[in-house]
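J.: the sequence isn't on hand, but the structure is:
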């Protein structure tokens, strides 16, 4: 996590309506030079200012399209987290500055896969398999929720990024990258749950043919991150010990509760369970449907009137989807009553958004005496060499598309 200097009290003490009005004023002043991106997990206070909303990859792609589509875009303010801003920086022209309103808005999942740990894992896994006589190919796949450094590692070693929408297609591609005539194994970073759910969707016995590499155990001296040489040999997929702190809060018992409610009310419309594949396999197995953020939104928008849904994903998205669905007679609730909130995403707020815009204009209206001329603050820049290698992984990902569904109810 990067350090974000505290804002002057004048920003944090402003009323939400005053902040919104000031942000709107700055947007008018900056005009076509500015594009504000809002991730689905943001609060409504931020979403109201977004020119484009979506998931992380969609937003980066849209930013690139806008920046090369005739508008004189100079600034992309990404209301998301750090790895998203990195991806946007890699996909937009060099003259465009990508800005993260609060530098401390990171991603715990992305932080679970560090470059040095990944290099050690790669070398140790290959050495162990070689000692056992294995001569196949390991293809690395990294979820887009990872740092630019990890994307670069994957790109350099012949692998690809994936999203929850196209994980299945990328996985199929990876399993076909047979360079030695032997077996292909996938090293899936950093989300073990998306990796496990994707492997299961491809018919892999995840109990017998996957194992976990935990970098924390490797740092403590346990060889192979806690896996055994035999487990590596037996595995078709080696899963990194990472997870989403939001989606791990959904548990199988939450699904059981929904099923019990349905059984207790046989004459009522049953509640269907729809979850994100970052949830544990035990949850996905008990759900009716599992798929990406865009898949979840599309499913509810296309749901028949009178249908009832329990959704397992971030609370701000569920609340927004529920409000939209209620207007057309579709009932939506969150799968768990716990506060399933992306706390790092929540660091992006109106005070920080206004502060970065004040700096771009060069006028704080008396809110910050340090702002005397236009300047870019909180710019996120990816080193050119890292960008070059990471784009290899991103380009391989963009060559593959999917429906967004990891599991479809029968």
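T.: Okay, I see it. Note that this is a predicted model, so its numbers are computed, not measured.
J.: and residue 336, how close does it get to residue 283?
T.: Using Cβ to Cβ, to the nearest Å, residue 336 is found at 10 Å from residue 283. Yep, even glycine has a C-beta here, placed from its N, CA and C like the rest.
J.: look at these two and report which has more neighbours.
T.: Between residue 336 and residue 283, counting by other Cβ atoms under 10 Å, residue 283 is the more crowded of the two (27 against 19).
J.: with adjacent residues omitted, what lies nearest to the more buried one?
T.: Distance criterion Cβ to Cβ, 6 or more residues apart in numbering; nearest residue to residue 283, sequence neighbours excluded, is residue 250 at 5.2 Å.
J.: lowest-confidence helix or strand of this structure?
T.: Ranked by mean pLDDT, DSSP states H and E, the weakest helix or strand in the chain is strand 405-407, scoring a mean of 42.
J.: helix/strand/coil for the spatially most central residue of the chain?
T.: Nearest residue to the geometric centre of the chain (Cα atoms, centre = their mean): residue 145, 4.2 Å. Three-state assignment for residue 145 (DSSP: H, G, I helix; E, B strand; the rest coil): coil.
J.: ok, it - contacts?
T.: 56, 83, 107, 109-110, 190-191, 244 (Cβ atoms under 8 Å, 6 or more residues apart in numbering).
J.: so which of these belong to helices?
T.: Among these, DSSP state H puts 56, 83, 109-110 in helices.
J.: any low-confidence regions in the stretch 201-350 of the chain?
T.: Low-confidence segments of the stretch 201-350 of the chain (pLDDT under 70): 339-341.
J.: which residues of it fall in helices?
T.: Listed in chain order, the helices of the stretch 201-350 of the chain (DSSP state H, counting those that start in this stretch) span 215-219, 229-234, 252-264, 281-286, 293-301, 315-326, 350-361.
J.: to residue 375, which of those helices lies closest?
T.: helix 350-361 (5.5 Å; Cβ to Cβ).
J.: what's the next secondary structure element after the closest one?
T.: Under the assignment DSSP states H and E, the closest C-terminal helix or strand after helix 350-361 is helix 384-398.
J.: what about that following helix, distance to the chain center?
T.: On the basis of Cα atoms, centre = their mean, to the nearest Å, helix 384-398 is displaced by 17 Å from the centre of the chain it belongs to.
J.: follow-up on the earlier one: and the furthest pair within the ones in helices among the contacts of residue 145?
T.: Longest span within the ones in helices among the contacts of residue 145, Cβ to Cβ: 56 and 109, 11.7 Å.
J.: can you name the residues in contact with the lengthiest helix in the chain?
T.: For the chain, the helix with the greatest residue count under DSSP H is helix 115-131. Helix 115-131 has contacts (Cβ under 8 Å, 6+ apart) with 136, 138, 140, 147, 149-150, 153, 157, 187, 189, 213, 215, 218-219, 223-225, 229, 232-233, 238, 240.
J.: try it again with 6 Å
T.: With contacts defined as Cβ atoms under 6 Å, 6 or more residues apart in numbering, helix 115-131 is touched by 149, 153, 213, 215, 224, 229, 232.
J.: distance of residue 181 relative to residue 202?
T.: 21 Å.
J.: of those two, who's got more company?
T.: The residue with more neighbours, out of residue 181 and residue 202, is residue 202; 13 against 8, by other Cβ under 10 Å.
J.: once you drop chain neighbours, what's closest to the more buried one?
T.: Leaving aside its sequence neighbours, residue 202 sits nearest to residue 171 (Cβ to Cβ, 6+ apart; 6.1 Å).
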